[in-house]
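*Asks:* Quick check, what structure comes out for this input:
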Amino acid sequence: MLFNTHCATCHGRTGDLGMNGAKDLVTSTIPRDEAIAVITSGRAGMMAYGTMLSKKEIAAVTDHVLTLRTKSAR
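*Replies:* Have a look, this model is predicted:
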């Protein structure tokens with residue numbers, strides 16, 4: 001899974017690890033389009049994946065990230 005390969009080191013497999021300043025994806029409320037932009041271009045200490053992953057792969061990672069949210073953050 002792309003998320004486990006590229007994101008879990010800092011975000012954790014469940015999205016709430018917070019290593020190296022990674023945001024808690026469980027409580028995140030950013031909209032899908034903003035999440036795609038962050039994954040594509042990076043933010044703060046997070047690297048950009050726009051040259052490493054295809055648009056389809058970025059969409060798949062985004063969709064997985066959205067499933068990690070608690071119901072109150074959706």
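
*Asks:* Pull the number of nearby residues for residue 21.
*Replies:* Using other C-beta atoms under 10 Å, the number of residues around residue 21 comes to 9. From N, CA and C alone the C-beta is placed, and that goes for glycine too.

*Asks:* likewise the one 4 residues further on?
*Replies:* Other residues near residue 25 come to 24 when the count uses other C-beta under 10 Å.

*Asks:* pLDDT wise, what is residue 44 at?
*Replies:* Reading off the confidence values, residue 44 has pLDDT 92.

*Asks:* Spatially, which residue comes closest to it, not counting chain neighbours?
*Replies:* Sequence neighbours aside, residue 21 is the residue nearest to residue 44 in space, at 6.7 Å (criterion: C-beta to C-beta, 6 or more residues apart in numbering).

*Asks:* Tally up the residues packed near residue 51, please.
*Replies:* 7.

*Asks:* Could you measure from it over to residue 18?
*Replies:* Using C-beta to C-beta, to the nearest Å, residue 51 is found at 26 Å from residue 18.

*Asks:* Likewise for residue 11?
*Replies:* In terms of C-beta to C-beta, residue 11 sits 8 Å off from residue 18.

*Asks:* of these two, who's got more company?
*Replies:* Comparing residue 11 with residue 18 by other C-beta under 10 Å, the one with more neighbours is residue 11, at 24 against 13.

*Asks:* how many neighbours does the closest residue to the more buried one other than its chain neighbours have?
*Replies:* Excluding the flanking residues, the one nearest residue 11 by C-beta to C-beta, 6+ apart is residue 22, at 4.8 Å. Neighbour count of residue 22, defined by other C-beta under 10 Å: 19.

*Asks:* residue contacts, residue 22?
*Replies:* Contacts of residue 22 were listed using C-beta atoms under 8 Å, 6 or more residues apart in numbering, and they are 10, 11, 12, 46.
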